[in-house]
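Student: Need a 3D model of the sequence below.
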Amino acid sequence: MWVWIIFIALIIVFLALDLGVFHKEEHVIKSKEAGIWTAIWVTIALSFSGVIYWLFSSWLIENPTGLTPNNAVLKYITGYLIELSLSVDNVFVIAVIFAAFKIPPIYQHRVLFWGILGAIVFRALMILFGVALITRFEWIIYVFGVFLLYTAFKMLKGDEHEFNPKNSWVFRQIKKVYPITNSIQGHDFFVKRMGVKAATPLFVALIVIELTDILFALDSIPAILAITADPFIVFSSNILAILGLRSMYFLISRMLDKFRFINYSLVVILAFVGLKMLFSHYVHLPEWVSLSVISVALIGGIVASLVIPEKEESVSEE
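Tutor: Numbers count the residues shown, from 1 in each chain. As a prediction, the model looks like this:
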């Protein structure tokens, strides 16, 4: 239990340093700064694989699935890459939400900070619930597998309608229960207007981001559970990927148009882990195969987006 306590305490320390020290003064996050922080978070996450090896080799943590230290490391890295790759869609939605509520770039980091904090709590609950389901009811893995294949099919079909946060059910419900002001008063989530406390667009954006993250977790958590049901590996890989999501947002949100083929990478990843779940009792793939498929799919989508030129729409003049 002390391993979990120390890990959670370190996450709290990281978050406190982030908001209280490194980003104490609010400022617009430039691409260079976002790139540095993304590299730092990825380095921390990948370095943590050494901690995973040490914990499992020294029997310092419960090992309910009987993993060897090497397998534990491979499963951790694979789970981390899955969460990181599936976060790309999350980045796109966050960008849409910020644009819809006209959140100035200088306050976006603050909104994301509290959004990530809430996401950690919700993810922890969903992971514990998912692990408990798989452990207690083995057949639930087939439900997760079918759900991931359905998600991959929907993503491949690409029949998504344009998402407008201001027309969403969540926004309408917030307006019913709490007054909302259209003006932004600094970095405050609430302001007093004529003696009445009202929520600012920052708070509304925060709530919408929180709820959309829960929807994205419905894809990412079953995907990681397809790799392993070890609760600590699932939790640590998921949380460390989420911690790097803020800096990744500021890094790639400005380059979303360049990653035109990344959705196909996500389709391949979701389809692969979905099939892996469906055939988990009949086919046992080595861990390096899963890691290789996910890595190649992700790198392939990025390289294809950068190498293949975009088709220019011909405009005919009459």
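Student: Count the residues that sit near residue 205.
Tutor: For residue 205, the count of nearby residues is 25 (other CB atoms under 10 Å). Bear in mind the C-beta positions are built from the backbone N, C-alpha and C, glycine included.
Student: try residue 233
Tutor: A count of nearby residues for residue 233, using other CB under 10 Å, gives 27.
Student: Report the separation between residue 69 and residue 61.
Tutor: The spacing between residue 69 and residue 61, counted by CB to CB, to the nearest Å, is 11 Å.
Student: swap that for residue 41, please
Tutor: 23 Å.
Student: Please apply the same query to residue 9.
Tutor: 15 Å.
Student: Of these two, which one has the most company?
Tutor: The neighbour comparison of residue 9 against residue 61 (other CB under 10 Å) goes to residue 61, with 20 against 10.
Student: Can you pull out the low-pLDDT segments for the protein?
Tutor: Per-residue confidence of the chain (counting by pLDDT under 70) places the weak regions at 19-24, 89, 134-135, 137-138, 158-170, 254-258, 281, 310-318.
Student: Find the nearest non-adjacent residue to the residue nearest the centre of it, please.
Tutor: Residue closest to the average C-alpha location in the chain (CA atoms, centre = their mean): residue 87, at 3.9 Å. Leaving out its chain neighbours, the residue that sits closest to residue 87 by CB to CB, 6 or more residues apart in numbering is residue 245, at 5.3 Å.
Student: residue contacts, that neighbour?
Tutor: Applying CB atoms under 8 Å, 6 or more residues apart in numbering to residue 245 gives the contacts 87, 90, 91, 112, 116.
Student: counting contacts, what elements does the helix or strand harbouring the second one pack onto?
Tutor: Mapping residue 90 onto the secondary structure by DSSP states H and E places it in helix 69-100. Helix 69-100 makes packing contacts with helix 31-57, helix 105-136, helix 201-225, helix 231-243, helix 245-252, helix 262-278, helix 287-307 when contacts are defined by 3 or more CB pairs under 8 Å, 6 or more residues apart in numbering; DSSP states H and E.
Student: roughly how far is the fifth one from the heart of the chain?
Tutor: Yep, that's helix 245-252 we're talking about. Helix 245-252 sits 11 Å away from the centroid of its parent chain (CA atoms, centre = their mean, to the nearest Å).
Student: That helix relative to helix 201-225, how many degrees between them?
Tutor: 100 degrees (axes from the mean of the first three to the mean of the last three CA atoms, to 10 degrees).
Student: how far off helix 31-57 does helix 245-252 point, in degrees?
Tutor: Comparing the axes of helix 245-252 and helix 31-57 via the same axes, to 10 degrees yields an angle of 140 degrees.
Student: can you pull the buried residues of helix 245-252?
Tutor: By neighbour count on 16 or more other CB atoms under 10 Å, the buried set for helix 245-252 is 245, 246, 247, 248, 249, 250, 251, 252.
Student: again, but for the last one
Tutor: Under the neighbour-count criterion of 16+ other CB under 10 Å, helix 287-307 has 287, 290, 291, 293, 294, 297, 298, 301, 302, 305 buried.
Student: ok, now which ones touch the last one?
Tutor: Right, residue 305. Applying CB under 8 Å, 6+ apart, the residues contacting residue 305 are 258, 259, 260, 261, 262.
Student: so the fourth one touches residue 308, yeah?
Tutor: Yes - here residue 261 lies in contact with residue 308, judged by CB atoms under 8 Å, at a distance of 7.3 Å.
Student: Specify which residue of these two has the higher count of neighbours.
Tutor: residue 261 (16 against 10).
Student: Looking at the buried residues of helix 287-307, which is nearest residue 17?
Tutor: Nearest to residue 17 among these is residue 298, at 29.1 Å by CB to CB.
Student: hang on, the closest one packs against residue 81?
Tutor: Yes - contact criterion CB under 8 Å: residue 298 and residue 81 qualify, at 6.8 Å.
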